[in-house]
Each structure stands twice: as C-alpha cells, then as structure tokens.
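using only what follows, build the 3D model:
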Amino acid sequence: MKKKIYDDGSGLDIRGWLQDAMPRIVLAPSFLITVVFVYGFILWTGYLSFTASRMMPSYKWVGFKQYIKLWSLPNWYKALENLVIFGSLYIGICCILGLLLAILIDQKIRIEGMIRPIMLYPMAISFIVTGTAWKWFLNPGLGLQKTVQEWGFESFTFDWIINGDMAIYTVVMAAVWQSTGFVMAIFLAGLRGIDTDIIKAAYLEDATIFQIYRKIILPQLRPAFLSAIIILSHMAIKSYDLVIALTGGGPGNATELPATFMYSYTFTRNRMGIGAASAVIMFMTVVSIMLPYIYAELKEKDHDQRGE
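Numbering: from 1, shown residues only. You can find the predicted model right below:
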C-alpha cells in the first residue's frame, strides 16, 4: 500500500513536517522558560552587581564599587573561611566514607539489600528537614546532651551547636549524614563497572588486596572521584537551607556561608548591589570548578574517538 502524502497543493508534506518538528515545538516553551528565568536572571544579577542597587534595583552604573565594598567586609571573609572549613571536611569525609561503604557492599555481603536503602534514604529528604532534625538532636536542652545526662552521665556535654568555635562542625555533620549515601552509590557504580578479569589476573600474580586496590581499582575510579568532588563542591558552595534550618547562620555569624551572606545582604540588609556581587563570585567559583571537569571529559571522549 502506498503511503498517502498530505500536502497543501505545493508538494509540501505537511504531516511529515509536523512529525519532524513536533519534538522542537513541545520543548520550545521549556527552553524559553529556562533561557529567561535561569540565564536571564544570571545576566541580570551580574548587571546589578555593577549598579548602586540597595533595597530596590537601581540602574545607576558604579563599576566595580560593589565588589570593592564586598572585599572590605569582615563578614564576607568569615563566610569564605567557613566555606573552606565546611567544604574541605564535607567533601573529604563524604568521599572517604562513601568509598569505604562502596567497597564493603561490593564484597557481595548478605545485608547489601538492607545497607543500601538505609544509606540512600537521607538523600530522599530535603536539607530543611535534615537541618531541623539535627537541630533537635544537637540541642543541649532536649537532644543528645540531655539524654546522656539523664542516663547518669551528668558531666557529659555536647553543646557544639551553641558554641561559636564548633558550630560550623555541626553543619558538616548534618551534611555528611545526608550526602554519604549518594557518594557511596557513585563509587559502587564505578566498582561494579571494573573488569573482574583484571582483578583475577592480579590474584594469579600473587598481588595482595592492598596492591589490587591501590594499583588497579582506585585508579579506575578516577571518573567517580571527579564526579563526586564536582557535585559535592557545588552543593557546598550553594549551601543555604541546611544552614538556615540548623543554625540560622549563628551563633553570631559563626556558620555564615556565602549563600547565607548573599541572602542577608540582598533581602534583609537592603544592600542588593553587594549581594549581587557575592552571587556573581559564587557563580564564577562554580564555573571554575566545572570547566576543568568538562574539558577533561571532552578531551577523553575525543581521545577515545581517535582511538577507534
């Protein structure tokens, strides 16, 4: 049976054209919304960082004045200091614990089916819920400290959440609890993708388990390490809801991070220009982390295509 051609008299196959164009037509609104409400607002925020905006946007151009003011604020340096502490501990502990758990589960243990959902469950809840739960748990008046003291250990104290020197570490604890299972899944996927024939050959050569992991398995987990570090770095830089729910940025500004700094200066201190400048710096930091990763992936893909 011959396929019937629908045309408008000029030989144009309208039905075929609609079938080819339908995916683009369906995706066009989503693409337009993304361009306007994501990239459009990024550009607008960048423009505001060069203006004299305070409580409301102002289009009076002041050049780099807002950036100069930003880098003269002690609160901004405190936020960066906390980001370094939080980010380094958060990424390091998540990667170590995630790798160890992935190696444990990769041994085909019987309780794998129980451990995996337990570790992945925290990722199913929001950082707001995590922060609220850990706030109750760490509260000296009703959480861990009070419970242990009621057991008879009256000298026990665990008041990090109200201690200005230790509060940032409570944020690390809550973030690690939520993200370790996700990192474990990344490493487990990498471990399950390694060719077992190479490991069997190493055993035949009398290699120890430590040598196998150090010289064979861990080097092949490089993409998993990169993915985990990139994702965790992005999450650390944009951390806002966890801090607000857990400590509110306090006590004082002990747990202030760039994201909370940006919000407070933009919406509560009526210094929108400085807030926009801090947002631009955060965005550029994320871009500087992502670009080497993207470049490495593209270079590796190009190398594989040439090898074929």
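
what about residue 153, neighbour count?
When neighbours are defined as other CB atoms under 10 Å, residue 153 has 11 of them. All C-beta atoms are positioned from the backbone trio N, CA, C, and that covers glycine.

same check, this time on residue 209
11.

got it, and residue 82?
Neighbours around residue 82, by other CB under 10 Å: 24.

likewise for residue 284?
Neighbours of residue 284 (other CB under 10 Å): 11.

what do you get for residue 239?
Neighbour tally, residue 239, other CB under 10 Å: 23.

is it true that it touches residue 257?
Yes - counting by CB atoms under 8 Å, residue 239 touches residue 257, with 5.6 Å between them.

quickly list what's touching both of those two.
residue 86 (CB atoms under 8 Å, 6 or more residues apart in numbering).

strands of the stretch 201-308 of the chain, start to end?
Assigned by DSSP state E, counting those that start in this stretch, the stretch 201-308 of the chain shows no strands.

and the helices in it, which stretches?
Using DSSP state H, counting those that start in this stretch, the helices of the stretch 201-308 of the chain run over residues 209-212, 218-220, 222-237, 241-246, 258-263, 272-307.

closest to residue 46 out of those helices?
helix 272-307 (5.4 Å; CB to CB).

tell me the mean pLDDT for that closest one?
Average pLDDT, helix 272-307: 82.

list the buried residues in it.
272, 273, 274, 275, 276, 277, 278, 279, 280, 281, 282, 285 (16 or more other CB atoms under 10 Å).

before we move on, back to that, mind putting the helices of the stretch 201-308 of the chain into CSV with distance to residue 141?
What follows is the helices of the stretch 201-308 of the chain, written out as CSV (distance: least, CB to CB, whole Å):
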stretch, distance to residue 141
helix 209-212, 47
helix 218-220, 45
helix 222-237, 30
helix 241-246, 16
helix 258-263, 24
helix 272-307, 34
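
wait, which of the ones you listed is closest to residue 108?
Of those, nearest to residue 108 by CB to CB is helix 209-212, at 15.0 Å.

residues contacting stretch 37-52, please?
57-67, 272-273, 276-277, 279-280, 283.

quickly list the domain ranges of the protein.
For the chain, automatic domain parsing gives the domain ranges 1-48, 66-307.

report the distance from the longest one to the chain centre.
Using CA atoms, centre = their mean, to the nearest Å, the distance from the centre of domain 66-307 to the centre of the chain it belongs to is 7 Å.

what packs against the helix or strand harbouring residue 116?
Element membership for residue 116, per DSSP states H and E: helix 112-120. Packing partners of helix 112-120 (3 or more CB pairs under 8 Å, 6 or more residues apart in numbering; DSSP states H and E): helix 74-105, helix 167-192.

then that helix to CSV, C-alphas only?
What follows is helix 112-120, C-alpha atoms only, in CSV (Å, rounded to 0.1, in the frame of the first residue of the first chain):
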residue,chain,number,x,y,z
GLU,A,112,23.6,-5.4,51.0
GLY,A,113,19.9,-5.1,50.3
MET,A,114,19.5,-3.5,53.8
ILE,A,115,22.5,-1.2,53.9
ARG,A,116,21.9,0.4,50.5
PRO,A,117,18.4,1.8,51.2
ILE,A,118,19.4,2.9,54.7
MET,A,119,22.4,4.9,53.3
LEU,A,120,20.4,6.3,50.4
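
gap between residue 148 and residue 74?
Residue 148 sits at a distance of 37 Å from residue 74 (criterion: CB to CB, to the nearest Å).

between those two, which is the more surrounded one?
Comparing residue 148 with residue 74 by other CB under 10 Å, the one with more neighbours is residue 148, at 15 against 8.

on that earlier part again, right, and the helix or strand after the helix holding residue 116?
That would be, after helix 112-120 and using DSSP H and E, helix 127-138.

and the next element down the chain from that next one?
In N-to-C order, the element after helix 127-138 by DSSP H and E is helix 144-150.

contacts for that following helix?
137, 138, 139, 140, 156, 157, 158, 159.
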